[in-house]
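> below: sequence and its predicted model.
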Amino acid sequence: MNDPLVARMRGFGTTIFAEMSALAVRTGSINLGQGFPDTDGPAAMLERAASAVREGHNQYPPGPGVPELRQAVSEHRKEHYGLAYDPDGEILVTVGATEAVAASVLALCEPGDEVIAFEPYYDSYAAAIALAGAVLRPVTLRPDGGRFTFDPAELRAAAGPRTRAILVNSPHNPTGTVLTRAELSEIADLCRERDLVAVTDEVYEHLTFDGVEHVPLATLPGMRERTVTISSAGKTFSVTGWKTGWVCAPPELVRAVQTVKQFLTFTAAAPWQLAVAHGLRHEMEWVAALRDGLQAKRDRLGAGLAAAGFDVYRPAGTYFVQADIRPLGLADGLVLTRDLPSLAGVVAIPTQVFYARPERGAHFVRFAFCKKDEVIDEAVHRLTRLGETEGDTE
Ligand SMILES: *Cc1c(COP(=O)(O)O)cnc(C)c1O
């Protein structure tokens, strides 16, 4: 039989995460590839999920989401960012940020419309855009002064007559960049001038380091009315398996996204929603401790990678550090990450898989540091051997 998969989804076959995680299991390697924490979320929040199940919150919740969670999200946006969203009509609970991104792109883009996204990008963006029959216009983030950023002229050049939306992820996976107010202003100016909708992926909004502030694009002048803001409990509360996210936007944008979302999943699972409402209201101190712990882990892994010979980019947020492999005499991160399990017993992700133009990220490798200290230490110990055997690796 010929490939039964529709043409627009070919090329989205097996993800690198599946390949690398399988390799980790087969070789008994430490997995610093996929970005999930190896410790649990706040105990009282986990207990709230269990009690919600026991209390019988086990049938379809309302389409837009459980009222308690929409109310908690509204309070959270107001308290942290000064943004007011009406729980009835401006907030929609989704099956994680992933569904929110897909539903937004499917709701907003006609076939042939263009969507700007910064490469490297979270892998679901390209797939969601392809599903919609839309066209991805990548703008490359490049190292500049120790962090990854974009050239405003390149951003402007990417916008054309068919551009409908821009996908903005800050804090950014996989580079760890937290966009500054000046960078966000460049994006906002373009959105206003060209009448674009901004879809912002803010799943790492609370995981920023060294006091760096996360600024939601919707707080910039003229942006609240044209921004679909996406958050998720997964990263904020270390419950990536709960797949509970939410959209905040003006009523007409929420209506559009919900029109698609209702036929993807109708609604998101009820017990997690009640537990996440508890989290947003009562566990932000726990999140602050998580953030401080992650900052220390960033430094721990960063120092270890530098000692092993990598050129390390210090992330201002997220779970991830970018390492340039060229100081080790290597050029291709895909080759290195395929060899790394047998060479050193460590799994990482070649950053090039997050690019529309992989050659632009060929020499970067992404390591996750959302892991226990002893796991990071053992990985660093193993990677130090890499430098010692570097002559044999190619
Ligand atoms: C983890 C992640 C997501 C997925 O969030 P879910 O709530 O699990 O769907 C989306 N965007 C980015 C940038 C992520 O790192």
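Alright, I've got the coordinates.
> buried residues, stretch 356-376. List them.
Buried residues in stretch 356-376, defined by neighbour count with 16 or more other CB atoms under 10 Å: 356, 358, 360-371, 375-376. C-beta coordinates here come from the backbone N, C-alpha and C atoms, glycine included.
> what's the average pLDDT for the biggest helix by length in the chain?
If you go by DSSP state H, the chain has its longest helix at helix 284-307. Per-region confidence: helix 284-307 scores 98 on mean pLDDT.
> next: stretch 114-124.
So the average pLDDT for stretch 114-124 ends up being 97.
> same question, stretch 32-40
Per-residue scores along stretch 32-40 average to 91.
> other residues contacting stretch 181-192?
Among residues not part of stretch 181-192, those counted as contacts by CB atoms under 8 Å, 6 or more residues apart in numbering are 149-150, 152, 155-156, 159, 166, 168, 170, 179, 196-198, 215, 217, 220-223, 226.
> how far does stretch 7-17 sit from its chain's centre?
19 Å (CA atoms, centre = their mean, to the nearest Å).
> hmm, that stretch in reach of the ligand?
No. Using CB under 6 Å from any ligand atom, stretch 7-17 stays clear of the ligand, coming no nearer than 11.1 Å.
> which ones among the buried residues of stretch 356-376 are found in strands?
364-368 (DSSP state E).
> can you tell me the element residue 101 falls in?
Residue 101 is located in helix 96-108, with elements delineated by DSSP states H and E.
> how about residue 301: what's its closest non-neighbour residue?
residue 369 (4.2 Å; CB to CB, 6 or more residues apart in numbering).
> near the closest residue to residue 226 other than its chain neighbours, how many other residues are there?
Nearest non-adjacent residue to residue 226, counting by CB to CB, 6+ apart: residue 197, 5.5 Å away. If you count neighbours by other CB atoms under 10 Å, residue 197 ends up with 21.
> how close does the closest residue to the ligand within the chain get to residue 247?
Across the chain, the shortest distance to the ligand (CB to the nearest ligand atom) belongs to residue 96, at 2.5 Å. Using CB to CB, to the nearest Å, residue 96 is found at 11 Å from residue 247.
> more neighbours, the two?
Between residue 96 and residue 247, counted using other CB under 10 Å, the more crowded position is residue 247 (29 against 23).
> mind listing the strands in the stretch 101-250 of the chain by residue range?
Using DSSP state E, counting those that start in this stretch, the strands found in the stretch 101-250 of the chain span residues 114-119, 135-140, 142-144, 147-149, 163-169, 197-201, 227-232, 245-248.
> buried residues of the longest helix of the chain, list them for me.
284, 286-287, 290-291, 294-295, 297-298, 300-302, 304-305.
> quick one: the helix or strand just after that helix to chain centroid distance?
Counting by DSSP H and E, the element after helix 284-307 in chain order, helix or strand, is strand 311-313. Between the centre of strand 311-313 and the centre of its chain there are 20 Å (CA atoms, centre = their mean).
> quick one: list the elements packing against strand 311-313.
helix 284-307, strand 320-324 (3 or more CB pairs under 8 Å, 6 or more residues apart in numbering; DSSP states H and E).
> quick one: strands adjacent to that strand?
In the sheet, strand 311-313 lines up against strand 320-324 (antiparallel) (DSSP bridges).
> next, the angle from the partner strand to helix 284-307.
Angle of strand 320-324 versus helix 284-307, following axes from the mean of the first three to the mean of the last three CA atoms, to 10 degrees, is 10 degrees.
> mean confidence score for strand 320-324?
98.
> before we move on, back to that, name the nearest of the ones in strands among the buried residues of stretch 356-376 relative to residue 238.
The nearest member of these to residue 238, counting by CB to CB, is residue 368 at 12.9 Å.
> CSV for the strands of the stretch 101-250 of the chain, including distance to residue 51?
Putting the strands of the stretch 101-250 of the chain into CSV (distance: least, CB to CB, whole Å) gives the following:
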stretch, distance to residue 51
strand 114-119, 40
strand 135-140, 43
strand 142-144, 48
strand 147-149, 43
strand 163-169, 34
strand 197-201, 31
strand 227-232, 22
strand 245-248, 22
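> and of the ones you listed, who's closest to residue 45?
strand 227-232 (14.2 Å).
> got a list of contacts for the closest one?
Here strand 227-232 makes contact (CB under 8 Å, 6+ apart) with 73, 77, 94, 96-97, 100-101, 104, 108, 197-203, 205, 216-218, 244-249, 253, 257.
> again, only using 7 Å
96-97, 100-101, 104, 197-203, 205, 216-218, 244-249, 253, 257 (CB atoms under 7 Å, 6 or more residues apart in numbering).
> show the pLDDT at the spatially most central residue of the chain.
Nearest residue to the geometric centre of the chain (CA atoms, centre = their mean): residue 173, 4.9 Å. What the model reports as pLDDT for residue 173 is 97.
> how close does it get to residue 268?
For residue 173, the distance to residue 268 - CB to CB - is 22 Å.
> now swap in residue 382 and tell me
39 Å.
> more neighbours: those two, which one.
Per other CB under 10 Å, whichever of residue 382 and residue 268 has more neighbours is residue 268, with 26 against 18.
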